[in-house]
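>>> fold the stuff below for me.
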Amino acid sequence: MRILVVSTNTLKKPMPVLPVGAGMVYSALTAAGFETRFLDLAFMAEPFAALRDELRVFEPELICLSVRNIDNQVIQQPESYLPFIREVMKVCRTCSSAKVLLGGAAMLVMPEELVEELGADYGIKGSGETEAVRLAHELERGQAAGRDKVVTAVPAYHPVYSRIPAKTLFSPQYFIPNPRIKKASMGYQASRGCSRHCIYCSEGYKNSGGCRIPAEQFMEDMKILQADYQVNSITFVDGVFNHDVEETMEFCGLIGRTSASLDWSCALTPANITEELVCLLKRSGCRFVDIGADSGSEQMLRRMGKQFHPEQLLELGRLLEQYQIPYSVSLLFGGPGEHEETMAETVQLVNQLNPVYILASQGIRIYPHTALYHTALQEQVIQKNDNLLVPAFYQSKDYSDALLNKVLAASRHIYKDMLMNSIGGRT
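Predicted coordinates for the structure are as follows:
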């Protein structure tokens, strides 16, 4: 069977993101014995023409489309990326009779909706390499007729299919140094699934659980990244790096054994922190941390489904400063029950921290299959039949930008939005 894997992401700011997931699906299908090609639209001057040419020359029997983002999630300047994906689908249907499989990060939040909207034949929610191989075998054997249109991948790592692709698969343009970035870092996912319960996230809502990559597999990946990719800086893109203290400490020990020159960054929750863990972070090469706080108010942390208290946030900041690990703080203003007092509590708490920067989002993107979705329905922020592929945001009725600006006047820090524009505060 001939299979074409297409990475559809063309965004390049602040820097292009290497399509590792799509590359992993390509490598898995190749390892499974299929005749597979990889097409990355990121640097194509004429992406639709490039896709048309590939379809006509290769004549695939299955097309795997990787979709990274539905929109930019920015309430101030919402932008949908679906018009581009619709054109990609149009080219696929016009130039090929192949079945179309959707995958990628966008499928984590609205899998059924995307498959229906784009008219795809199949979809995978979650890491797709093993399920893509399974579907390809079923199609080849004529056994796919009774399968579900959308399947959810179990959070797991396959010993053969879940491997870092060869660097030669990707355009050299991904590896051109950016003068605006002091030290380039490659993203790496060390865990799959999530056991958190944040109200805006579909994974937490369904409590999908999580798993860490097996130690041997991780060590082999690090050898490839350092020898083949010549990478010495890793950003762990896991939503939460420290799901469990003991397990995270063991993993830090693994990182420390990979190379003395490897440095890395990650996102931490204040929920699972000890001084011993922070000490290990430092010793194993951690050079930067993003604290996914969302709020500094006890009320709001509870309403947002966070599993820690303001005192734990302060303690994490204190420990990072003690061990000289720079950090940022990510906040979400306007969640359920947010009002002037809760915003003031957040600002007062963050005033006690010393982050490199504070990233503050105003309003929360509403996705189906989340606790926030049901809150938005109850409060009639949205209606049941609303198409949430069109960006919709939740803001508390007691929240306003004017109130936020008033509260930020008491800040000793600069607060930036998702576009990295200053929204208030002072140094």
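>>> all contacts plus neighbour counts: C-alpha atoms, from now on.
Will do.
>>> which other residues reach the one helix or strand residue 83 maps to?
For residue 83, the element it lies in under DSSP states H and E is helix 82-95. With contacts defined as Cα atoms under 8 Å, 6 or more residues apart in numbering, helix 82-95 is touched by 8, 48, 51-52, 55-56, 67, 70-71, 98, 118-120.
>>> show me the shaky parts of the stretch 51-200 of the chain.
180-184 (pLDDT under 70).
>>> can you map out the helices along it?
Using DSSP state H, counting those that start in this stretch, the helices of the stretch 51-200 of the chain run over 82-95, 111-118, 129-141.
>>> and what of the stretch 201-350 of the chain?
Counting by DSSP H, counting those that start in this stretch, the helices of the stretch 201-350 of the chain are 202-206, 215-227, 245-258, 275-283, 298-303, 310-322, 340-350.
>>> okay, those helices in TSV with mean neighbour count next?
Formatted as TSV, the helices of the stretch 201-350 of the chain follow (neighbours: other Cα atoms under 10 Å):
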stretch	mean neighbour count
helix 202-206	20
helix 215-227	16
helix 245-258	17
helix 275-283	18
helix 298-303	18
helix 310-322	18
helix 340-350	20
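>>> got the buried residues for stretch 144-156?
Within stretch 144-156, the residues that qualify as buried are 149-156, counting by 16 or more other Cα atoms under 10 Å.
>>> let me fix that: stretch 88-100
In stretch 88-100, counting by 16+ other Cα under 10 Å, buried: 88-89, 91-92, 95-96, 98-100.
>>> re earlier: and which of the contacts of helix 82-95 is nearest residue 370?
Nearest to residue 370 among those, counting by Cα to Cα, is residue 70 at 16.5 Å.
>>> quick one, what contacts that closest one?
Here residue 70 is in contact with 80-82, 106, 389 (Cα under 8 Å, 6+ apart).
>>> now the angle from the helix holding residue 83 to helix 111-118?
60 degrees (axes from the mean of the first three to the mean of the last three Cα atoms, to 10 degrees).
>>> pull helix 82-95 out as CSV, backbone CA atoms only.
Output of helix 82-95 as CSV, limited to C-alpha atoms (Å, rounded to 0.1, in the frame of the first residue of the first chain):
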residue,chain,number,x,y,z
LEU,A,82,-9.3,25.8,9.2
PRO,A,83,-9.7,27.6,5.9
PHE,A,84,-6.2,26.4,4.9
ILE,A,85,-6.9,22.8,6.0
ARG,A,86,-10.2,22.8,4.0
GLU,A,87,-8.2,23.7,0.9
VAL,A,88,-5.8,20.9,1.6
MET,A,89,-8.7,18.5,1.9
LYS,A,90,-10.2,19.9,-1.3
VAL,A,91,-6.9,19.1,-3.2
CYS,A,92,-6.9,15.6,-1.7
ARG,A,93,-10.4,14.9,-2.8
THR,A,94,-10.0,16.5,-6.3
CYS,A,95,-6.7,14.8,-7.1
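>>> ChimeraX command to pick out the buried ones of the contacts of residue 70?
Selecting the buried subset of the contacts of residue 70 in ChimeraX, with 16+ other Cα under 10 Å as the burial test, is done by:
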select :81,82,106,389
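>>> how many neighbours does the residue nearest to residue 285 when sequence neighbours are not counted have?
Computed as Cα to Cα, 6 or more residues apart in numbering, the closest residue to residue 285 that is not its neighbour in sequence is residue 263, at 4.5 Å. By other Cα atoms under 10 Å, the residues close to residue 263 number 20.
>>> which strand residues bridge residue 263?
residue 233 (DSSP bridges).
>>> any idea how far residue 166 is from it?
22 Å (Cα to Cα, to the nearest Å).
>>> also residue 402?
Residue 402 is 50 Å from residue 166, by Cα to Cα.
>>> follow-up on the earlier one: looking at the helices of the stretch 201-350 of the chain, which is nearest to residue 239?
Proximity to residue 239 (Cα to Cα) singles out helix 202-206 among these, at 10.6 Å.
>>> with distance to residue 245 added, can I get the helices of the stretch 51-200 of the chain in TSV?
As requested, the helices of the stretch 51-200 of the chain are arranged in TSV below (distance: least, Cα to Cα, whole Å):
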stretch	distance to residue 245
helix 82-95	39
helix 111-118	32
helix 129-141	29
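>>> of those helices, which is nearest residue 239?
The minimum distance between residue 239 and the helices of the stretch 51-200 of the chain falls on helix 111-118, with 19.1 Å, by Cα to Cα.
>>> just the C-alpha atoms of that closest one, please, in PDB.
Taking Å, rounded to 0.1, in the frame of the first residue of the first chain, the C-alpha atoms of helix 111-118 are listed here in PDB:
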ATOM      1  CA  PRO A 111     -11.700  14.900  17.000                       C
ATOM      2  CA  GLU A 112     -15.200  14.000  15.800                       C
ATOM      3  CA  GLU A 113     -16.000  17.600  14.900                       C
ATOM      4  CA  LEU A 114     -12.800  18.000  12.800                       C
ATOM      5  CA  VAL A 115     -13.500  14.700  10.900                       C
ATOM      6  CA  GLU A 116     -17.000  15.700  10.200                       C
ATOM      7  CA  GLU A 117     -16.200  19.300   9.200                       C
ATOM      8  CA  LEU A 118     -13.400  18.300   6.900                       C
END
